[in-house]
Every structure is written in C-alpha cells, then in structure tokens.
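**Student:** All I have is the shape, not the residue letters:
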C-alpha cells in the first residue's frame, strides 16, 4: 500500500522567525495528516534548533537536518545517516578562518558550538535554545550543548556537519565563494538575509536525503 509524504523546510517556509509557528500553519499540517499524509522536515538547521518544531507539528517521518547531512529518527532521535565534512577539508577551512581571525559556528552530533557567542546568528540560535528547554518533555532522551569554545583543537577534532561563517559585504562574500569553490569537496549556501555562508559535505543534499528516507 502506497502513502504520500511531504517534507517542509523551516525558515521562510513553516516559520517566519526564530521560534514560532502560526496556528494557521499548524491547522494546515493537521489537515494533511488527517488525510493520511506523512509529514517531515528538511532544514539547514541543526537538530538542536529544530526538534522542538518537529515535536510541535508532530512529524511522522525522519528529521533531515544540516542541509541533508544528518538524518534522525523522529521518535528517539537516533541517527539514521551522517555526512560529515571530510577531515582534510575541515582542517583547511578551520585553519583559514583562524588565520583570518574569522569567527564561526559548527554543528555536531553533540551540539552547536561557536568561537564567539556574541555573533548575531548565534543570538538567534540562543533564542531557539530557550524555546527548546521550555518545550522539551521529560521523556525525551535528547541531550545537547550550545556554547562558546576557544580551543581551536576542539574544532579540528570534532566530526562536523556544518561550518557557519558570517560575512560582511559583497567583497568578502566573493572571496569566500572563490575559496570554497577551489576546495571542491564541500557544498555551500549563502544567506543574504543572515549574511552567512553555510558549508557542508559535498555528499550532503536535502533532496538526496529525502530520497534516502523514502527508499
């Protein structure tokens, strides 16, 4: 017996701010579910800033995070599939960022970490972190950290899904794009709204992740 499923992006699709989902959107999703449609989310966010939304809408398909680099079971948050940035490329990127005194954020299995917790993008994640703590149920086994780390060795040794780098102005954006293209082993996406570039494994892709789940 076949069934239908729909995967939604979060930011700019299901939600229009860092933490909220409207009653109208929730009613539409519940209508789909009443018709037997299975619901999932596929987002660039980490699990730690999206699982409260997943619980709110009651997803019944695996959660796809980190632009397809991380697929998680919707019930117990166990990992189904992982696509990390390869270690050599990770070293090159972290070294480049440190040499140019650029702050950044990384997504890992254990949490979200940053070299500077005063970054505007990190402040948005921090608001979501508060909502996660408020909405988390006692029977959820998900553990996480969202914090600042000053030891570069930590970032070199962690398995990383995404590296988020804020940029200032078109000149810096062009330089970052040129550098990342030359690496050839990562995908990346620019957000003009947040002024960040999201770097992830060349093997990671939301569409491929959705196909993996369906298969």
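**Tutor:** Perfect, I can see it now. Just so we're clear, the structure is a prediction, and the values are computed from it rather than from any experiment. Residues are numbered from 1 along each chain as shown.
**Student:** Quick one: classify the residue nearest to the spatial centre of the chain as helix, strand or coil.
**Tutor:** Nearest residue to the geometric centre of the chain (C-alpha atoms, centre = their mean): residue 45, 2.2 Å. With DSSP: H, G, I helix; E, B strand; the rest coil as the basis, residue 45 sits in coil.
**Student:** from now on call the first residue 20
**Tutor:** Sounds good: first residue 20 from here, last item residue 64.
**Student:** What pLDDT is listed against it?
**Tutor:** Predicted confidence (pLDDT) for residue 64: 90.
**Student:** What ranges does the chain have for its helices?
**Tutor:** 42-53, 70-76, 106-118, 139-154, 171-176, 188-202, 225-233 (DSSP state H).
**Student:** What residues sit buried inside the third one?
**Tutor:** Read it as helix 106-118. Neighbour-count burial for helix 106-118 flags 108, 109, 111, 112, 113, 116 (criterion: 16 or more other C-beta atoms under 10 Å). Every residue, glycine included, has its C-beta placed from N, CA and C.
**Student:** And for residue 62, the neighbour number?
**Tutor:** The local packing of residue 62 (other C-beta atoms under 10 Å) involves 25 other residues.
**Student:** Correction: the previous question concerned residue 193.
**Tutor:** Using other C-beta under 10 Å: residue 193 sits among 11 other residues.
**Student:** Surely residue 91 touches residue 99?
**Tutor:** Yes. The pair residue 91 / residue 99 is scored as a contact, 6.4 Å apart, by C-beta atoms under 8 Å.
**Student:** Which of the two has more residues huddled nearby?
**Tutor:** Between residue 91 and residue 99, counted using other C-beta under 10 Å, the more crowded position is residue 91 (23 against 15).
**Student:** Tally up the residues packed near residue 184, please.
**Tutor:** So residue 184, with other C-beta under 10 Å, has 22 neighbours.
**Student:** where's it relative to residue 112, distance?
**Tutor:** Note on residue 184: its distance to residue 112, by C-beta to C-beta, to the nearest Å, is 8 Å.
**Student:** got it, and residue 170?
**Tutor:** 17 Å.
**Student:** returning to what we had before: which among the buried residues of helix 106-118 gets closest to residue 174?
**Tutor:** For the buried residues of helix 106-118, the closest approach to residue 174 (C-beta to C-beta) belongs to residue 113, at 5.1 Å.
**Student:** correct me, but the closest one touches residue 175?
**Tutor:** Yes. In this structure, residue 113 is within contact of residue 175 by C-beta under 8 Å, at 5.8 Å.
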